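Chemist: The amino acid sequence is not available; the structure is as follows:
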Ligand SMILES: Cc1ncc(COP(=O)(O)O)c(C=O)c1O
C-alpha cells in the first residue's frame, strides 16, 4: 500500500449503535481507527508488509470500546438494560474501562470485578469514571473474576445487567461489522494474514469470520502466550484448566504460535522506539506477525499481514514493561 497511515475509512455504525451516538456524541469517536505500517523489523522480512490497527485511539484507550458499545446498545434496545440496573462484568481492565466510560456517559451505574494484579492505572481509570471496583485473587486468574460476577448476580438478579462479554454475541459482531470492515477497506482487500490472540475471543471470531467470508484464503494466525507470567488481556489457551470463551470460534485459526512473554515485551519496546506506544498484548501480536512475515519471506512469498495494537502503553507504567 502506498501510504504508511490510512485514516479515512468511515464505516457507519449499525442502527442500534447510531441511536446511542445520537444521544451521547462522544460515542461517535469509537471506531474508524487508523492503520499504521510496522517497520521495526522490516529488514528481516523483505517483500512482506506488517500493518497494525491502532485500537488505542478509541476514547477508552483500547480494543474493547467497540464491543462494549454494541453490547450495551443491544441490551438497551431490547429492554435487558433499564435505568434502574447496574452494569456488571468481569474484566482484565480494558472492557471494564469501556463499560465505565460508555456506561457512565449514558447515565448507568457500573460495577467491575477484576483480578487484584490489574495495573493501578486501570483501577484509577475505572474509578475516574465512577465505577465500583471489586477485586478477586490474582492467583485464581480471570476465571475466578468470572465466577465471582456470577455469584453476585445470582445473589441479586434484579439489581444487575450482566453483560457477560465472554458469551455475548454483540462482542464478536461489533468486530465483524466494524473492525474487519475497516481492515478490508484500509488494505483494499489485499490482506493475506490476520494475527491475534484470545481474551474473550471477540476480535478473533468477529474479524476472522468476516475476513474468511470476504476472502476465504486469508490466513488466521492464532497466538497463545505462556501461562506464566502471562500477557495482560490474553488467555493461555493451552492450559487445560483455562475457561474457553463461549463466543470463541476455535475453527477459525489456521495456525497456532506460542509466545514467549519476554519477547512480547521486547516487541512493545521496539514499537515504542518507533513512536507506537502500546501494551503487552500489542507486543505479542506484533512479535508473532514478525515470525509469520519471516516465514513467508524465507519461502520467497509476499504478504500483507494485519494485526492490532490493543491498548495504550500508558496502562502499564506500574508494571515492569517499560523498565528495560
Ligand atoms: C489488552 C488486550 N489485549 C487483547 C485482548 C483480547 O481481545 P478479545 O477480548 O477480543 O479476545 C483484550 C481484551 O480482553 C485486551 O484488553
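Modeler: That came through fine. Here the structure is a predicted model, which means the values were calculated and not measured. Numbering: from 1, shown residues only.
Chemist: domains in the chain, as residue ranges please.
Modeler: Domain ranges of the chain: 5-62+173-316, 65-162, per automatic domain parsing.
Chemist: Just the endpoints, please. Distance across the last one?
Modeler: Domain 65-162 stretches 17 Å from its first residue to its last (CA to CA, to the nearest Å).
Chemist: one step back: ok, which of the domains of the chain comes nearest residue 322?
Modeler: Nearest to residue 322, of all those, is domain 5-62+173-316, at 6.6 Å by CB to CB. (Each C-beta comes from the backbone N, C-alpha and C, glycine too.)
Chemist: which sections of the stretch 1-150 of the chain are below the confidence cut-off?
Modeler: Filtered on pLDDT under 70, the stretch 1-150 of the chain yields the residue ranges 1-9.
Chemist: Would you mind listing what in it touches the ligand?
Modeler: Counting by CB under 6 Å from any ligand atom, the stretch 1-150 of the chain comes close to the ligand at 62, 63, 64, 92, 94, 95.
Chemist: what do you get if the cut-off is 5 Å, keeping everything else the same?
Modeler: Residues of the stretch 1-150 of the chain lying near the ligand by CB under 5 Å from any ligand atom: residue 94.
Chemist: In the stretch 1-150 of the chain, what residue spans correspond to helices?
Modeler: Remark: helices assigned in the stretch 1-150 of the chain by DSSP state H, counting those that start in this stretch are 15-23, 65-77, 94-105, 120-128, 141-155.
Chemist: Dump these to JSON lines, plus mean neighbour count.
Modeler: Converted to JSON lines, these look like this (neighbours: other CB atoms under 10 Å):
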{"stretch": "helix 15-23", "mean neighbour count": "15"}
{"stretch": "helix 65-77", "mean neighbour count": "25"}
{"stretch": "helix 94-105", "mean neighbour count": "26"}
{"stretch": "helix 120-128", "mean neighbour count": "17"}
{"stretch": "helix 141-155", "mean neighbour count": "17"}
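Chemist: Can you lay out the domains of the chain as a markdown table showing distance to residue 322?
Modeler: Formatted as a markdown table, those follow (distance: least, CB to CB, whole Å):
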| stretch | distance to residue 322 |
| --- | --- |
| domain 5-62+173-316 | 7 |
| domain 65-162 | 12 |
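Chemist: tell me the centre residue of the chain?
Modeler: The C-alpha lying nearest the average C-alpha coordinate of the chain belongs to residue 63 (CA atoms, centre = their mean; 3.8 Å).
Chemist: Pull the number of nearby residues for residue 138.
Modeler: Residue neighbour count, defined by other CB atoms under 10 Å, stands at 14 for residue 138.
Chemist: Could you find the closest non-adjacent residue to it?
Modeler: Nearest non-adjacent residue to residue 138, counting by CB to CB, 6 or more residues apart in numbering: residue 117, 3.5 Å away.
Chemist: can you tell me how far residue 61 sits from residue 186?
Modeler: 21 Å (CB to CB, to the nearest Å).
Chemist: just residue 305 next, same as before
Modeler: Counting by CB to CB, the gap from residue 305 to residue 186 is 13 Å.
Chemist: Need the three-state assignment for the residue in the stretch 201-324 of the chain that the ligand sits nearest to.
Modeler: Going by CB to the nearest ligand atom, the ligand is nearest to residue 233 of the stretch 201-324 of the chain, at 2.5 Å. Following DSSP: H, G, I helix; E, B strand; the rest coil, residue 233 is assigned to coil.
Chemist: And the pLDDT for the residue lying closest to it once chain neighbours are set aside?
Modeler: Once flanking residues are discounted, residue 233 sits nearest to residue 281: 4.4 Å by CB to CB, 6+ apart. Predicted confidence (pLDDT) for residue 281: 96.
Chemist: how many other residues sit next to residue 281?
Modeler: Using other CB under 10 Å, residue 281 is surrounded by 28 other residues.
Chemist: So is the helix or strand harbouring it next to the ligand?
Modeler: Counting by DSSP states H and E, the element that carries residue 281 is helix 280-298. Yes: Helix 280-298 is in contact with the ligand by CB under 5 Å from any ligand atom, via residue 281.
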